[in-house]
Structures are given as C-alpha cells and as structure tokens.
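Student: Here's a sequence, model it:
(one chain, ligands or ions: 1)
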Amino acid sequence: MPVKETDREVVLTRPDDETTSVTILKYGATVYSWKLKSEEQLWLSTAAKLDGSKPVRGGIPLVFPVFGKNTTDEYLSKLPQHGLARNSTWEFLGQTKSDPPTVQFGLKPEIANPELTKLWPMDFLLILTVELGVDSLKTAIEVENTSTSKELKFNWLFHTYFRIEDIEGTMVSNLAGMKLYDQLLKESYLDKHPVVTFHQETDVIYQNVSPERAIQIVDKGVQVHTLKRYNLPDTVVWNPWVEKSQGMADFEPKTGYEQMICIEPGHVHDFITLAPGKKWNAHQLLCKDELNYQAIQ
Ligand SMILES: O=P(O)(O)OC[C@H]1O[C@H](O)[C@H](O)[C@@H](O)[C@@H]1O
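Tutor: A predicted model of the protein is given here:
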C-alpha cells in the first residue's frame with residue numbers, strides 16, 4: 001500500500017520502489033524519516049520524542065508563526081521559540097495524487113495546541129503537501145488568512161535536519177557573497193568565504209538568497225544533498241557542536257552533531273503580512289543533483 005495511516009503517523013511509499021518512503025508524524029506534521037533506496041536522508045536524534053510531549057529533534061519540524069523567540073510583538077512574543085505548528089497535532093487530509101505519491105495535512109486554530117492558540121488568537125489555515133519523488137522530497141506550505149477583518153503576521157521555516165557522514169568533512173556551497181546575521185555574535189556581515197565549513201557551533205541566517213541558487217551539501221567533493229527553494233528568501237544554517245548538544249536533553253547521541261547539519265529555508269528576516277482572505281505559498285525541494293558551483297553575481 002502506498003499510503004499507510006496509523007493513529008500516530010502516515011507512511012508514504014513509492015509504488016515503483018518500496019525502499020523509497022517518507023514518514024510523517026501527525027504531531028507537528030513532522031517528516032521524521034525519508035528513505036531513498038533504504039538509505040536514510042534525514043537526521044533524527046535517538047532521544048527524539050515521537051509521543052507528542054515535545055517537538056521532534058530531527059527530521060523536518062515546521063516553524064510557524066514565529067522563528068526563534070520574539071520579544072517585540074504583542075502576541076507573537078507570548079509564543080514559545082519557533083511558534084505552535086511543531087507542537088500541534090495536524091489533521092491528515094489524505095492522498096491527493098498517486099504519481100508522484102502525495103499527501104496533505106492541515107492545521108487550523110480549532111485543532112491546534114489550545115495552550116498556544118490562547119496566547120496567539122489568530123485565524124489561519126495551514127496546508128502542508130508532501131510529495132515523494134523518485135529521488136526527491138518536496139514539502140510545500142500554503143498559509144491562508146481566514147480572518148475577515150484582521151491581518152495575519154507570521155514567519156515560516158522548514159527546519160530541515162540533513163544526515164551527513166562527518167561535519168568536519170562537509171561544506172555547504174552557493175551561499176558565498178550573501179549577507180548574514182550571526183545569531184551567536186549578534187552581528188550582520190557579508191560572508192566572503194567561498195563555501196561554508198564547520199569547526200564550531202554555527203547559527204547564522206543568510207538573507208535574500210536568490211531562488212536560482214541551489215544550496216548543496218558536499219562531502220569530500222561529492223554532492224550528498226541539494227536544496228531548492230520557492231518563496232523562501234532566508235536560509236538558516238545551524239550546527240550545535242559540542243556544548244550546545246550537551247545542553248539539549250533530547251539530543252542523542254551527544255556526538256550526533258557530527259552526523260547532522262540543519263539547512264533551514266524560511267521567511268524569517270521579515271514577517272509576511274497577509275490581508276484577510278489571502279493566501280501565501282512556499283516550498284522546499286530536497287533532491288540529488290550534479291555538483292554545480294554557482295558564480296557570485
Ligand atoms: O532547540 P530548538 O528550539 O529546536 O531550536 C533549534 C535551533 O533552531 C534554529 O536553527 C535556530 O537558529 C537556533 O538558534 C536553534 O538553537
């Protein structure tokens with residue numbers, strides 16, 4: 001069966017290849033496994049909670065309506081870090097296409113985490129579409145402002161944890177020349193390095209990364225993941241390294257930072273503001289591609 005639903009999750013398998021599948025937890029509509037020919041592509045902590053007691057540490061948590069911890073907005077500042085989508089149980093809306101196999105999940109205030117919608121009393125409808133290609137995974141989001149009178153102000157981000165072999169042998173290409181905000185230094189600057197490499201904790205937000213840029217994760221000269229984006233101008237690059245991993249109870253094994261890199265496409269530098277009745281769409285595409293070093297314009 002290409003789509004298997006249980007109380008907890010939905011597993012989508014390619015009819016032409018049963019070793020290629022994606023598993024989506026209803027809690028957070030979190031993709032927590034994507035296997036290509038039996039090989040896991042995403043990183044998941046061995047201590048990740050899959051029982052709805054905490055957002056999932058790994059896979060693709062969804063960040064909405066706020067990225068990080070807001071301190072200025074009257075309502076968004078009341079929400080916990082990264083908002084309410086990753087700590088709400090979404091509704092499985094079913095399979096919408098058989099080729100490529102595609103499923104949808106929905107979230108609206110009536111079913112979202114009531115502790116959190118109390119703090120952020122807005123009208124919205126989120127539809128997440130997950131499409132399993134031969135060697136790709138597309139996650140697409142539609143945000144609708146269902147209010148008839150109020151604007152909807154929000155961030156969106158796909159918090160994608162990629163599985164890699166060895167962080168110190170890994171580089172991320174095609175972000176060179178971009179302006180970034182370093183969340184650790186609390187400073188903005190131009191990244192003049194030709195590629196991003198990792199030797200310590202990294203937590204940076206690249207801004208206005210052109211949609212033509214395919215971000216590639218390269219392991220010792222070999223392309224292992226390619227990330228394409230639509231309508232997601234910012235890209236967060238995060239690796240917690242040694243100390244930060246020690247401090248996260250759900251991050252295991254403690255050496256796991258060596259096998260993961262978060263490349264998170266989003267709209268987080270500015271808020272999106274949607275007028276009543278309007279919709280906003282974006283997607284990320286995780287795929288395999290030839291190594292393509294794109295020149296800085
Ligand atoms: O621990 P979490 O709330 O899941 O956040 C994990 C990480 O998410 C993003 O990558 C942020 O840029 C980091 O500052 C944060 O530490």
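Student: Residues of this structure that sit close to the ligand?
Tutor: With Cβ under 6 Å from any ligand atom as the criterion, the chain meets the ligand at residues 81-82, 183, 203, 236, 238, 262, 264. For every residue, glycine as well, the C-beta is placed using N, CA and C.
Student: Can you report how many residues neighbour whatever residue of the stretch 151-297 of the chain ends up closest to the ligand?
Tutor: When scored by Cβ to the nearest ligand atom, the stretch 151-297 of the chain has residue 238 as its residue closest to the ligand, at 3.4 Å. Residue 238 has 19 neighbours, counted by other Cβ atoms under 10 Å.
Student: cool, and residue 13?
Tutor: The tally of other residues near residue 13 (other Cβ under 10 Å) stands at 19.
Student: Okay, now the unreliable bits of the stretch 151-297 of the chain?
Tutor: Counting by pLDDT under 70, the stretch 151-297 of the chain has low-confidence residues at 296-297.
Student: Run through the helices of it in chain order.
Tutor: Counting by DSSP state H, counting those that start in this stretch, one finds helices in the stretch 151-297 of the chain at the ranges 241-246.
Student: thinking again about what came up before, by neighbours, which of the residues of the chain next to the ligand wins?
Tutor: Neighbour counts for these (other Cβ under 10 Å) peak at residue 236, which has 25 neighbours.
Student: circling back to that earlier point, export the residues of the chain next to the ligand as JSON lines, with columns for distance to residue 32.
Tutor: Formatted as JSON lines, those follow (distance: Cβ to Cβ, whole Å):
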{"residue": "81", "distance to residue 32": "19"}
{"residue": "82", "distance to residue 32": "16"}
{"residue": "183", "distance to residue 32": "25"}
{"residue": "203", "distance to residue 32": "22"}
{"residue": "236", "distance to residue 32": "19"}
{"residue": "238", "distance to residue 32": "18"}
{"residue": "262", "distance to residue 32": "14"}
{"residue": "264", "distance to residue 32": "16"}
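Student: Which residue would be the closest one in the stretch 1-150 of the chain to the ligand?
Tutor: The nearest approach of the stretch 1-150 of the chain to the ligand comes at residue 81, 4.5 Å away (Cβ to the nearest ligand atom).
Student: who's in contact with that residue?
Tutor: With contact set as Cβ atoms under 8 Å, 6 or more residues apart in numbering, residue 81 has these partners: 68-69.
Student: so which strand or helix has it?
Tutor: For residue 81, there is no helix or strand it lies in under DSSP states H and E.
Student: May I have the phi/psi pair for it?
Tutor: The phi/psi pair for residue 81 (degrees, to the nearest 10) reads phi -50, psi 130.
Student: Quickly note the distance from it to residue 170.
Tutor: Separation of residue 81 from residue 170 (Cβ to Cβ, to the nearest Å): 26 Å.
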